[in-house]
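**Q** sequence first, then the predicted structure, then my questions.
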Amino acid sequence: TTGTIATDPEKHDVEYLTPISVGTPSQDLMVDFDTGSSDLWVFSTEMSTSDIKGQTVYDPNNSSTSEKVQGSTWKITYGDGSSSSGDVYLDTVTIGDLTVPNQAVEAAKKVSSEFTDDSHNDGLLGLGFSAINAVEPTPQNTFFDNIKGSLDAPLFTVDLKHGTPGSFNFGYIDPAAYIGNISWTPVDSSQGYWGFTSPGYAVGTGAFRNHSISGIADTGTTLLLLPKSVVSAYYKEIQGAQYDSDQGGYIFPCSPTPPDFVFGVNKGIVTVPGDMVSYAPADSANQNCFGGIQTDTGIGFSIFGDVALKTSFVHLHGSIVPGYYADCA
Ligand SMILES: CC1CCN(C(=N)N)CC1
Ligand SMILES: CC1CCN(C(=N)N)CC1
């Protein structure tokens with residue numbers, strides 16, 4: 001079997017929301033497919049109504065196929081300080097034509113304000129490795145790990161786009177989704193993420209600089225977070241670029257378009273066009289833009305988030321064999 005599902009960018013491509021169906025009869029939710037985490041959790045009827053602002057909630061009592069996992073709980077804190085917690089059900093989960101009959105669905109009892117204020121986002125579907133699933137005492141499998149064995153091939157691909165729907169495909173590689181060659185790189189899943197090491201980068205049309213950059217392919221992070229040395233080398237090339245501590249990042253005049261940012265993936269390269277580095281207006285007054293490239297300070301590794309992924313066709317291979325990048329079609 002194979003499957004495909006469309007994923008839609010929110011404003012400024014801040015996150016991408018993808019429809020899933022949970023329970024019987026099916027309850028349709030829009031969730032954030034996140035390769036940087038490994039829990040499927042959803043807003044639920046177990047939450048206080050003051051934590052819900054517009055989201056659709058999962059009601060396990062309204063599903064004839066839900067089954068409480070007695071004694072199991074979960075709690076997650078994300079990179080941006082947001083958090084959520086709750087208890088666990090097994091229920092039917094469908095993505096496109098793919099169904100897992102007994103998927104662990106983590107029902108939220110509490111969510112932090114970042115999630116409450118994110119009114120279109122009904123939860124997260126982790127596509128990281130199950131080793132970092134947060135359910136206690138018994139960690140649960142991700143949707144991908146549960147479906148992998150029945151796919152034509154143990155893989156999924158990520159094709160996010162700027163300001164228009166993209167897709168997550170399961171079990172096949174769509175040749176129409178990319179042009180040119182595909183470059184493979186080994187995946188380091190030791191931390192539970194889709195980790196890899198880029199051999200270097202280039203700024204605009206400048207020479208390629210050999211500089212190992214170890215990071216993760218992360219659909220749940222909006223920006224491209226890189227080592228300080230790389231980030232300052234990039235912004236050095238933009239007249240008027242500066243670090244703005246109030247905004248917590250580099251800003252620069254929105255025009256002219258900044259230089260492209262190129263990073264290596266094994267023998268291949270991925271180009272982030274300059275107009276995608278101008279992530280969003282920083283202040284209307286003097287037409288500054290907030291950079292889509294910022295530092296990875298404090299994280300411990302770099303994060304190739306949506307800004308890096310939406311310009312390439314990313315294929316994440318389910319077994320511990322190389323995944324690879326290819327340029328977007
Ligand atoms: C290492 C961090 C990356 C961002 N996160 C995520 N996408 N869930 C949290 C973990
Ligand atoms: C990886 C997650 C980080 C937290 N999120 C949020 N604040 N809306 C969602 C994605």
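**A** Structure received. Ligands and ions are numbered 1, 2, ... in the order given.

**Q** which residues touch Thr197?
**A** Counting by C-beta atoms under 8 Å, 6 or more residues apart in numbering, Thr197 touches Thr185, Asp188, Ser212, Ile213, Ser214, Gly215. Bear in mind the C-beta positions are built from the backbone N, C-alpha and C, glycine included.

**Q** tell me what it is bridged to.
**A** Applying DSSP bridges to Thr197 gives these bridge partners: Ser214.

**Q** per-residue confidence for it?
**A** Note for Thr197: predicted pLDDT of 95.

**Q** longest helix in the chain, please.
**A** helix 228-235 (DSSP state H).

**Q** report all helices and strands that the helix or strand following that helix contacts.
**A** The element immediately downstream of helix 228-235 (helix or strand, assigned by DSSP states H and E) is strand 242-244. Strand 242-244 sits against strand 249-253, with contacts defined as 3 or more C-beta pairs under 8 Å, 6 or more residues apart in numbering; DSSP states H and E.

**Q** okay, now Thr77: neighbour count?
**A** By the criterion of other C-beta atoms under 10 Å, Thr77 has 12 neighbours.

**Q** residue contacts, it?
**A** For Thr77, counting by C-beta under 8 Å, 6+ apart, the contacting residues are Ser83.

**Q** now the phi/psi pair for it, please.
**A** Torsion angles at Thr77 (phi, psi; degrees, to the nearest 10) stand at phi -120, psi 130.

**Q** which strand residues bridge it?
**A** Thr77 has these beta-bridge partners by DSSP bridges: Ser83.

**Q** quick check, pLDDT for it.
**A** Per-residue confidence at Thr77 stands at 96 (pLDDT).

**Q** Gly268 now?
**A** Looking at Gly268, its pLDDT reads 85.

**Q** would you agree it is in contact with Ser183?
**A** Yes: with contact defined as C-beta atoms under 8 Å, Gly268 counts as touching Ser183 (2.9 Å).

**Q** how many residues are close by Phe115?
**A** Residues lying near Phe115 (other C-beta under 10 Å) number 25.

**Q** can you pick the most crowded of the contacts of Thr197?
**A** Ranked by neighbour count (other C-beta under 10 Å), those have Gly215 at the top, with 25 neighbours.

**Q** list the contacts of the closest residue in space to that residue that isn't next to it in sequence.
**A** If the residues on either side of it in the chain are set aside, Gly215 comes closest to Ser302, at 3.0 Å by C-beta to C-beta, 6 or more residues apart in numbering. Ser302 makes contact with Ser198, Ile213, Ser214, Gly215, Ile216, Leu225, Leu226, Pro227, Asp296 under the criterion C-beta under 8 Å, 6+ apart.

**Q** right, and Phe129 touches Gly192 too?
**A** Yes: with contacts defined as C-beta under 8 Å, Phe129 counts as touching Gly192 at a distance of 4.5 Å.

**Q** quickly list what's touching both of those two.
**A** Common neighbours of Phe129 and Gly192, counting by C-beta under 8 Å, 6+ apart, are Ser38.

**Q** tell me which of these two has more neighbours.
**A** A direct count of neighbours by other C-beta under 10 Å for Phe129 and Gly192 places Phe129 higher, at 22 against 17.

**Q** let me know the pLDDT of that one.
**A** Model confidence at Phe129 (pLDDT) stands at 95.

**Q** what sits against it?
**A** Going by C-beta under 8 Å, 6+ apart, Phe129 touches Ser38, Thr142, Asp145, Ser189, Gly192, Tyr193.

**Q** farthest pair within these?
**A** Across the contacts of Phe129, no pair lies farther apart than Asp145 and Tyr193, at 14.4 Å, counting by C-beta to C-beta.

**Q** of these two, who's got more company?
**A** Of the pair Asp145 and Tyr193, Tyr193 is the one with more neighbours under other C-beta under 10 Å, namely 23 against 20.

**Q** what's the neighbour count on Asp283?
**A** By the criterion of other C-beta under 10 Å, Asp283 has 13 neighbours.

**Q** again, but for Tyr89
**A** Under the neighbour criterion other C-beta under 10 Å, Tyr89 is assigned a count of 26.

**Q** host element of it?
**A** Under the criterion of DSSP H and E, Tyr89 resides in strand 83-95.

**Q** from Tyr89, how far off is the nearest residue to Asp244 once chain neighbours are set aside?
**A** Using C-beta to C-beta, 6+ apart and skipping the chain neighbours, the partner closest in space to Asp244 is Ile251 (4.8 Å). The gap separating Ile251 from Tyr89 is 44 Å, by C-beta to C-beta, to the nearest Å.

**Q** ok, now Asp59?
**A** From Asp59 across to Tyr89, the span is 10 Å (C-beta to C-beta).

**Q** now swap in Gly71 and tell me
**A** 13 Å.

**Q** in which helix or strand does the residue of the stretch 151-300 of the chain found nearest ligand 1 reside?
**A** Residue of the stretch 151-300 of the chain nearest ligand 1, by C-beta to the nearest ligand atom: Gly220 (3.1 Å). For Gly220, there is no helix or strand it lies in under DSSP H and E.
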